[in-house]
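Sequence first, then the predicted structure:
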Amino acid sequence: MADTLTPVLSDNWDQIRSWQLSSYQRSGGYDALRKALAMQPADVVATVKDSGLRGRGGAGFPTGMKWQFIPQDNPNPKYLVVNADESEPGTCKDIPLMMASPHTLVEGVIIASYAIRASAAFIYVRGEVLHVIRRLQQAVQEAKDAGLIGTNILGSGYDLDVVVHAGAGAYICGEETALLDSLEGRRGQPRLRPPFPAVAGLYGCPTVINNVESIASVPAIIKNGADWFSSMGTEKSKGMTLYSLSGHVTRPGQYEAPLGITLRELLDLAGGVREGHELKFWTPGGSSTPLLTAEHLDVPLDYEGVGSVGSMLGTKALQIFDESVCVVRAVLRWTEFYKHESCGKCTPCREGTWWLVQILERLEKGQGSDEDLDVLLDLSENILGRSFCALGDGATAPITSSIAHFKDEYLAHFENGGCPFDPMASTVFATAGASA
Amino acid sequence: MAENHTTATDKTVPYSTGDSKITDATIAEMREIAARYPVARSALLPMLHLVQSVEGRVTPEGIEACADVLDLTGAEVSAVATFYTMYKRRPVGDYHVGVCTNTLCAVMGGDLIFDRLKQHLDVGNDETTEDGKITLEHLECNAACDYAPVMMVNWEFFDDMTPESATQLVDDLRDGTEVKSPRGATICTWREAERVLAGYPDGRADEGPTGGKATLAGLRLARERGWTAPGGSSNAETPKED
């Protein structure tokens, strides 16, 4: 049985200048790269596959299998693209990881690129995080200067170029095919699949796209072995992961634990819900994952556990809201976000999110009716599964789940002729114990 | 809440003001950026960041320069420039001040902070103060939810904000007082920040800490209780962040 918290990715974050190559190497950094370069690329893929690592960007697809899909007999160059466009509301794990230890990612990039025999790798990082971009740029430069990136890496005969690429503000670019279009210098709009990126990705060439945390987990797996990794976690959800607690919690932050920990345990570690208040609702993995309530405190936070209660593990972005928060206001704001970020390519999402906002605005002002709730659900049904990509699906998650759990609160808005909540009560600067 | 999200679209966008600062040196840098990629067009996003660093916004001349370097039409470049929120058609002030008003930050205080700043600076969303110093904008989630309510200045983090600390921050920026991000560097100008995003490092990566209190919350607890991943930690006993 592993310890309650198992810092691996975060283990060097308290070291002096942990973002620099010298500090990272003092913590054993780049040992895994040396080990990987002495292995056959296919064996590196097999190790990652055997470890049971699943994508940490939300979908949970097995990482090693993704790598195996790259057709090595395809004559085109192969590419690795890291999705560092962390923008899902509530999600805040990749940004602190890259800030504190960019070399963990860079080492993972080199190993993963070697495994799939990529000639170039791109780290697509959202543009709105200047200091993270500085540290990534510096880490890649340090690695180049040390012969860890470039030609004949550490005498292995393997060549790789790595480019840090800053985006320009578009949530949709976290969708992997929209990210590819954006990286090709176009509007970030998703592509039809198939063909999948493994066959025709960046510039129409075989491409692996992985989340930051997935790639950053690779050096530890190579260094310590697949069995070590799979000794943590649950049957189908292996390894450790970063859980991000935010909102009305005493000590918000990053908690790295084996998959399968519960929110009750995490809240206990984080000092509980803020003093004098109680849990009302939470997201397991960002705003695109259906809301859960205090009923779900003991659900194992792994892919299967969260799925079994009708939500998704997603990015493990645990946003905690106490009883001072109006769920209608929360859902309206998320819906405005999806409307703003809809890329406009497909009709259900572009038009649907616009109408959802119109109706929710009316509801929040207390000018709605029971019928509006039916219209919201009907609209959501017409967006879910009918949109071009997962953004549309995600937009419906807060609406349908909040109506399922908090229908009375929607009704209270009509009965009350407006929002019954005091917006000051939910703020961090409200006096402790202030009630709604 | 809806007025939070309105933008001053009624104000005219200056087309060309005839004082473009794009020079041969800018064009040379654009070619340098294009050379980083297997296919030159991939350079378009960083090139537009470069245009903003030179021009203070995306200008018609900047669009034409990108189009020339990449052998695209102006329309093709405009189509990209208008898609992304970070590209601005109106001049941006020295300091781009963002307030997160996505749900979590909004309820934790972001809405009240944004309202206070609009009043304090006498501007609306996506507008610039008359002295040209500050452009105020509400933001979507900036991946720092464990520090809510969050603000950004020139895309550097400002954590755990209140209406008071927010007004103090913008006053300091307007007065020219040196301002440091608690998890970043000394604040540079928006144009200087845009140059870094174009891929030209400014040598400030070593400023600031590894992370803030929330970043390290779980790790500190693990250290206190002696918890590690199987096999132990090589870092548990070595020097800590100074």
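Received, thanks.

Need the residue closest to the centroid of chain B.
Geometric centre of chain B, nearest residue: B:W155, 2.5 Å, by Cα atoms, centre = their mean.

Apart from its chain neighbours, what residue comes closest to that residue?
Leaving aside its chain neighbours, B:W155 sits nearest to A:L130 (4.0 Å; criterion: Cβ to Cβ, 6 or more residues apart in numbering or on different chains). Every residue, glycine included, has its C-beta placed from N, CA and C.

you'd agree the one you found is up against B:V196?
Yes. Look at A:L130 against B:V196 with Cβ atoms under 8 Å: they come within range, at 6.2 Å.

Contacts only, for the residue nearest to the centre of chain B.
A:127-130, B:96, B:98, B:193, B:197 (Cβ atoms under 8 Å, 6 or more residues apart in numbering or on different chains).

Closest one to A:C173 out of these, please.
Closest approach to A:C173 among those (Cβ to Cβ): A:G127, at 9.8 Å.

Tell me the spacing between the closest one and B:W190.
12 Å (Cβ to Cβ, to the nearest Å).

what about the helices in the stretch 1-150 of chain A?
Under the criterion DSSP state H, counting those that start in this stretch, the stretch 1-150 of chain A contains helices at A:21-26, A:31-37, A:41-51, A:63-68, A:94-100, A:102-116, A:130-145.

So what touches the fourth one?
Read that as helix A:63-68. A:45-51, A:53-55, A:112, A:115-116, A:198, A:208, A:210, A:214, A:218.

so which of these also contact chain B?
When those are checked against chain B using Cβ under 8 Å from any Cβ of the partner chain, none falls in range.

quick one on the thing from earlier: need the helices of the stretch 1-150 of chain A in CSV (columns: mean pLDDT).
Output for the helices of the stretch 1-150 of chain A, formatted as CSV (pLDDT from 0 to 100):
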stretch, mean pLDDT
helix A:21-26, 97
helix A:31-37, 98
helix A:41-51, 98
helix A:63-68, 98
helix A:94-100, 98
helix A:102-116, 98
helix A:130-145, 98
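
Quick one, which of these gets closest to A:E295.
In this view, those are compared for proximity to A:E295 by Cβ to Cβ, and helix A:94-100 is the closest at 29.8 Å.

list the helices and strands that closest one packs on?
On a contact count with 3 or more Cβ pairs under 8 Å, 6 or more residues apart in numbering or on different chains; DSSP states H and E, helix A:94-100 meets helix A:102-116, helix A:130-145, helix A:212-224.

now do 10 Å
strand A:79-84, helix A:102-116, strand A:120-125, helix A:130-145, helix A:212-224, strand A:240-247, strand A:253-258 (3 or more Cβ pairs under 10 Å, 6 or more residues apart in numbering or on different chains; DSSP states H and E).

what about dumping the CA coordinates of it to PDB?
Provided in PDB are the C-alpha atoms of helix A:94-100 (Å, rounded to 0.1, in the frame of the first residue of the first chain):
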ATOM      1  CA  ASP A  94       0.600  21.600 -15.800                       C
ATOM      2  CA  ILE A  95       1.400  25.300 -15.400                       C
ATOM      3  CA  PRO A  96       2.900  24.900 -11.900                       C
ATOM      4  CA  LEU A  97       4.700  21.700 -13.100                       C
ATOM      5  CA  MET A  98       6.400  23.600 -16.000                       C
ATOM      6  CA  MET A  99       7.100  26.600 -13.800                       C
ATOM      7  CA  ALA A 100       8.900  24.500 -11.100                       C
END
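
Which residues are in contact with the closest residue to A:L301 other than its chain neighbours?
Among residues not flanking A:L301 along the chain, A:I261 sits closest, at 5.7 Å (Cβ to Cβ, 6+ apart). By Cβ atoms under 10 Å, 6 or more residues apart in numbering or on different chains, the contact set of A:I261 is A:4-6, A:233-234, A:240-241, A:243, A:255, A:269, A:300-302, A:305, A:316.

likewise B:E192?
Here B:E192 is in contact with A:130, B:53, B:94, B:154, B:200, B:202, B:204 (criterion: Cβ under 10 Å, 6+ apart).

go on, A:G314?
Contact analysis of A:G314 by Cβ under 10 Å, 6+ apart lists A:56-60, A:88, A:90-91, A:283-290, A:303, A:306, A:394, A:397.

ok, which of those also contact chain B?
Among the contacts of A:G314, the residues that sit close to chain B (Cβ under 10 Å from any Cβ of the partner chain) are A:88, A:90-91, A:283, A:286-287.

among these, who's most crowded?
In terms of neighbours by other Cβ atoms under 10 Å in any protein chain shown, the ones next to chain B among the contacts of A:G314 top out with A:T283 at 34 neighbours.

Point me to the residue of the stretch 251-400 of chain A nearest chain B.
A:G253 (3.0 Å; Cβ to the nearest Cβ).

count of residues packed around that residue?
Around A:G253 there are 27 other residues, counting by other Cβ under 10 Å.

show me the residues around the closest residue to it other than its chain neighbours that make contact.
Of all residues not flanking A:G253 in the chain, B:A217 sits nearest, at 3.0 Å (Cβ to Cβ, 6+ apart). By Cβ under 10 Å, 6+ apart, the residues touching B:A217 are A:10, A:245, A:249-255, A:269-271, B:146, B:211.

are any of those residues buried, and which?
A:10, A:245, A:249, A:251-255, A:269-270, B:146, B:211 (16 or more other Cβ atoms under 10 Å in any protein chain shown).

From those, pick the one nearest A:V328.
Nearest to A:V328 out of the buried ones among the contacts of B:A217 is A:V249 (Cβ to Cβ; 22.2 Å).

per-residue pLDDT, that closest one?
The score at A:V249 is 98. That number is its pLDDT.

Surely it touches A:E278?
No. Judged on Cβ atoms under 10 Å, A:V249 makes no contact with A:E278 at a distance of 12.0 Å.

Would you map the strands across the stretch 301-436 of chain A?
Secondary structure of the stretch 301-436 of chain A by DSSP state E, counting those that start in this stretch: the strands cover A:317-322.

from it, which residue is nearest to chain B?
A:T427 (3.9 Å).

for that residue, phi and psi?
phi -80, psi 160 (degrees, to the nearest 10).
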